[in-house]
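Peer 1: Just to be clear, the model below is a prediction. Sequence and coordinates:
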Amino acid sequence: MSLDKDQVQHIAVLARLHLADDEFAETVQKLSRIVDFVDQLVAAPTDDVVPMAHPVNQAQRLRPDRVSEPNDREHLQQNAAETSDGLYLVPKVIE
Amino acid sequence: MTALHLQTLTELKAGLEKGDFTSVELTTALLERIGSLGPDLNAFISVLGDNALAQAAAADAARAAGNAGVLCGLPIVHKDIFCMRDVLTTCGSRMLENFVAPYDATVVERLAEAGAVVLGKANMDEFAMGSSNETSYFGPVHNPWDHARSPGGSSGGSAAAVAARLSPAATATDTGGSIRQPAALTNTVGFKPTYGRVSRYGMIAFASSLDQAGIITRSAEDAALLLGVMSGFDERDSTSVDVPVPDYLAGLGGSLNGLRVGIVRQHFDAGLDEQCAAAVKAALAELEAAGATLTEVDLPNLDYCVPTYYVVAPAECSSNLSRFDGVRFGYRASEPKDLNDLYCRSRGEGFGAEVKRRIMTGTYVLSAGYYDAYYLKAQKVRQLITDDFQRAFESVDVIAGPTTPTPAFKLGDKTDDPITMYLNDIYTIGANLAGLPAMSTPCGMVDDLPVGLHLVGPHWAEGRLLQIAHQYQQLTDWHKQAPEAYT
């Protein structure tokens, strides 16, 4: 199934991706090609097949709920674009 | 004495132990080689000269004090997907161009504890999404066998560095073939363990149910040495599996007599280059002559591997890469007009075209109204593919075939159509979908370009695969061939 411009625009909004105009046209074309390609899965005989949950059938491991990591905030925040008093700064959300 | 850069890890280990040379001498020699030959290949994103020499000096001191670890003083390269504390870790992306990792990946930590010296961080496809290294923000890597050709991807920098004798070994990761395909295209040995065998902690995530860390080396013996150190349970990776790690080196002996090798007929269909097919068939005949029996096995859902992968992997990628929002780490767009604009432009400007395509594909297959038709359907087909392998392994010990459909292709040849590029991983993707261990070992040459033999085993059969490859490497010397400019 090919995708139209409106669909691709909607996906870009969901994915929080800004696409430049020239990039957008190419994305419509290549994404359609990919969707057409994966559409061949429709023919696979999957009645009564349980979807795979884990490649080696492991259950999710649990651990005691206790603090295991040291507080390393200053070090971790060195990679942030903008911080203040230990907080991450973003454009104003509430007027 | 053989020049240091031409020696395997195992040979270098023996030389260090005998005191023929020091780790500082070895590290200096390889750093000089990286300095003179590295730039043309573009195999490195960072060269860690001072860091490496300090590690080498520490290794020499540890050895003098009688505290040598298993890999004491041996140089390696890390794919730039592994976090290394206080070192630039880019994942091949503009998004992480300035990211300095605040902690070590478990793989980095274990290799460091064993005494390994890290020469640098290897170039790679952006976020490991690519089969040619052309999606790297830092430019493509060139194949040491022919600079006009791709070394494969996504671990193209790791493979090129090992093939060009700039490093005896390099870490790598494999989500759909990213260790084995570049190994095949550069005449190196590439090993992807069972899902859960090696910790993914600190390895920047692409598709979490498929990603697995592994290694690129020049021999099966070297791969066994490194995997023994890298493998094993890690509580910091929730998908790490607690299965004992055998002594891989001790298991390399033993003959191939009685080995049951499965051959998949579809692997030799029209898609495979004829000369590659001939090289792979010659390798199979070599195994047969050594006492193995060849049996045809059927993988009825094989044709669904690539489309299944291109639903599951992008779905997981779109989820994993949602963490890159321009707030806590990574690229941030300038002068955002509001929070949403900050998110959208940071991601739009920070990610390259292929990564954005995969995020878009993944978002689509997970979106309301399409989830059942695509993602759920693909997870069902994935179960069918896994069942096919399990059925096959009831009658054979290993499945052998080609690693790639053709030898190394020219840079730029497959960049126009994503599907053409995706189909390069047609033989390797099945092992990721089913979580199986798999490897590629050199098995021939076509017009001076290497060809790889692909081996896939049942879960946890790493030792068996290494033994088969090691025995094959005792009978042949394909793995010893080096590109002429790099001997």
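Peer 2: The structure has been received and is ready for your questions. Numbers count the residues shown, from 1 in each chain, chains lettered A, B, ... in the order given.
Peer 1: Report pLDDT for A:Met1.
Peer 2: A:Met1 is assigned 63 on the pLDDT scale.
Peer 1: Correction: the previous question concerned B:Ala400.
Peer 2: For B:Ala400, pLDDT reads 98.
Peer 1: Could you look up the SS state of the closest residue to chain A within the stretch 51-200 of chain B?
Peer 2: Closest to chain A within the stretch 51-200 of chain B is B:Tyr195: 4.4 Å, counting by Cβ to the nearest Cβ. All C-beta atoms are positioned from the backbone trio N, CA, C, and that covers glycine. Secondary structure for B:Tyr195, judged by DSSP: H, G, I helix; E, B strand; the rest coil, is coil.
Peer 1: Quick check: pLDDT value at the residue nearest to it when sequence neighbours are not counted.
Peer 2: Among residues not flanking B:Tyr195 along the chain, B:Gly435 sits closest, at 3.4 Å (Cβ to Cβ, 6 or more residues apart in numbering or on different chains). With respect to pLDDT, B:Gly435 has a value of 98.
Peer 1: contacting residues for B:Val77?
Peer 2: B:44, B:118-122, B:157-158, B:161-162, B:166-167, B:169-171 (Cβ atoms under 8 Å, 6 or more residues apart in numbering or on different chains).
Peer 1: Contact partners for A:Ala12?
Peer 2: Here A:Ala12 is in contact with A:His18, A:Leu19, A:Phe24, A:Thr27, B:Met360 (criterion: Cβ under 8 Å, 6+ apart).
Peer 1: okay but the second one is in contact with B:Lys356, surely?
Peer 2: Yes - contact status for A:Leu19 versus B:Lys356: in contact at 7.1 Å, counting by Cβ atoms under 8 Å.
Peer 1: more neighbours, these two?
Peer 2: B:Lys356 (24 against 21; other Cβ atoms under 10 Å in any protein chain shown).
Peer 1: Quickly find the element holding the residue lying closest to the more buried one once chain neighbours are set aside.
Peer 2: Nearest residue to B:Lys356, sequence neighbours excluded (Cβ to Cβ, 6+ apart): A:Leu17, at 5.8 Å. Counting by DSSP states H and E, no helix or strand carries A:Leu17.
Peer 1: Only alpha carbons, please: show the helix ranked longest in chain A as PDB.
Peer 2: Looking across chain A with DSSP state H, the single longest helix is helix A:21-38. As requested, the backbone C-alpha atoms of helix A:21-38 are provided in PDB (Å, rounded to 0.1, in the frame of the first residue of the first chain):
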ATOM      1  CA  ASP A  21      10.500  20.200   1.900                       C
ATOM      2  CA  ASP A  22      12.900  18.300  -0.400                       C
ATOM      3  CA  GLU A  23      13.400  15.700   2.200                       C
ATOM      4  CA  PHE A  24       9.600  15.300   2.500                       C
ATOM      5  CA  ALA A  25       9.100  14.400  -1.100                       C
ATOM      6  CA  GLU A  26      11.800  11.800  -1.000                       C
ATOM      7  CA  THR A  27      10.400  10.300   2.200                       C
ATOM      8  CA  VAL A  28       7.000   9.900   0.700                       C
ATOM      9  CA  GLN A  29       8.500   7.900  -2.200                       C
ATOM     10  CA  LYS A  30      10.900   5.800  -0.200                       C
ATOM     11  CA  LEU A  31       8.500   5.100   2.700                       C
ATOM     12  CA  SER A  32       5.900   3.900   0.200                       C
ATOM     13  CA  ARG A  33       8.500   1.600  -1.300                       C
ATOM     14  CA  ILE A  34       9.400   0.100   2.100                       C
ATOM     15  CA  VAL A  35       5.700  -0.300   3.000                       C
ATOM     16  CA  ASP A  36       5.000  -2.100  -0.300                       C
ATOM     17  CA  PHE A  37       7.900  -4.400   0.400                       C
ATOM     18  CA  VAL A  38       6.900  -5.400   3.900                       C
END
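Peer 1: and that helix, which residues are buried?
Peer 2: Under the neighbour-count criterion of 16 or more other Cβ atoms under 10 Å in any protein chain shown, helix A:21-38 has A:Thr27, A:Val28, A:Lys30, A:Leu31, A:Ser32, A:Ile34, A:Val35, A:Phe37, A:Val38 buried.
Peer 1: residues contacting the residue nearest to the spatial centre of chain A?
Peer 2: Geometric centre of chain A, nearest residue: A:Ala15, 6.8 Å, by Cα atoms, centre = their mean. By Cβ under 8 Å, 6+ apart, the contact set of A:Ala15 is B:Ser318, B:Arg347, B:Ile359, B:Met360, B:Thr363.
Peer 1: what sits against residue 42?
Peer 2: Looking at chain A here, since you left the chain open. With Cβ under 8 Å, 6+ apart, A:Val42 has these contacts: B:Ala373, B:Lys377.
Peer 1: please go with chain B instead
Peer 2: B:Asn123, B:Phe138, B:Gly139, B:Pro140, B:Val141, B:His142, B:Gly157.
Peer 1: so of these, which ones are in strands?
Peer 2: Using DSSP state E, no member of the contacts of B:Asn42 sits in strands.
Peer 1: ok, and the most crowded of those residues?
Peer 2: B:Gly157 (36 neighbours).
Peer 1: Correct me if wrong: that one contacts B:Ser46.
Peer 2: No - the pair B:Gly157 / B:Ser46 is not scored as a contact, 10.6 Å apart, by Cβ under 8 Å.
Peer 1: okay, and the common contacts of those two?
Peer 2: B:Asp80.
Peer 1: What is the helix or strand harbouring B:Ala112 packed up against?
Peer 2: Take DSSP H and E as the rule and B:Ala112 turns out to sit in helix B:106-113. If you count contacts as 3 or more Cβ pairs under 8 Å, 6 or more residues apart in numbering or on different chains; DSSP states H and E, helix B:106-113 packs onto strand B:75-79, strand B:117-122, helix B:220-230.
Peer 1: List the contacts of B:Ile399.
Peer 2: By Cβ under 8 Å, 6+ apart, the contact set of B:Ile399 is B:Val261, B:Gly262, B:Ile263, B:Val264, B:Val297, B:Phe389, B:Ala392, B:Phe393, B:Leu455, B:Val456, B:Gly457.
Peer 1: same check, this time on B:Leu287
Peer 2: So B:Leu287 contacts B:Leu256, B:Leu259, B:Val261, B:Leu294, B:Ala400, B:Ile468, B:Tyr472 (Cβ under 8 Å, 6+ apart).
Peer 1: Now the nearest residue to B:Thr415 once chain neighbours are set aside. Its backbone dihedrals?
Peer 2: Nearest residue to B:Thr415, sequence neighbours excluded (Cβ to Cβ, 6+ apart): B:Glu134, at 5.9 Å. Torsion angles at B:Glu134 (phi, psi; degrees, to the nearest 10) stand at phi -80, psi -10.
Peer 1: Check the gap between B:Glu134 and B:Asp413 for me.
Peer 2: 10 Å (Cβ to Cβ, to the nearest Å).
Peer 1: Quick check: neighbours shared by the two?
Peer 2: Common neighbours of B:Glu134 and B:Asp413 (Cβ under 8 Å, 6+ apart) are B:Ser150.
Peer 1: which of these two has more neighbours?
Peer 2: Using other Cβ under 10 Å, the more surrounded residue of B:Glu134 and B:Asp413 is B:Glu134, with 22 against 15.
Peer 1: show me where chain A has strands.
Peer 2: In chain A, the strands defined using DSSP E lie at A:83-84, A:87-88.
Peer 1: can those go into JSON lines with extra columns for distance to B:His147?
Peer 2: As requested, these are exported to JSON lines (distance: least, Cβ to Cβ, whole Å):
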{"stretch": "strand A:83-84", "distance to B:His147": "44"}
{"stretch": "strand A:87-88", "distance to B:His147": "44"}
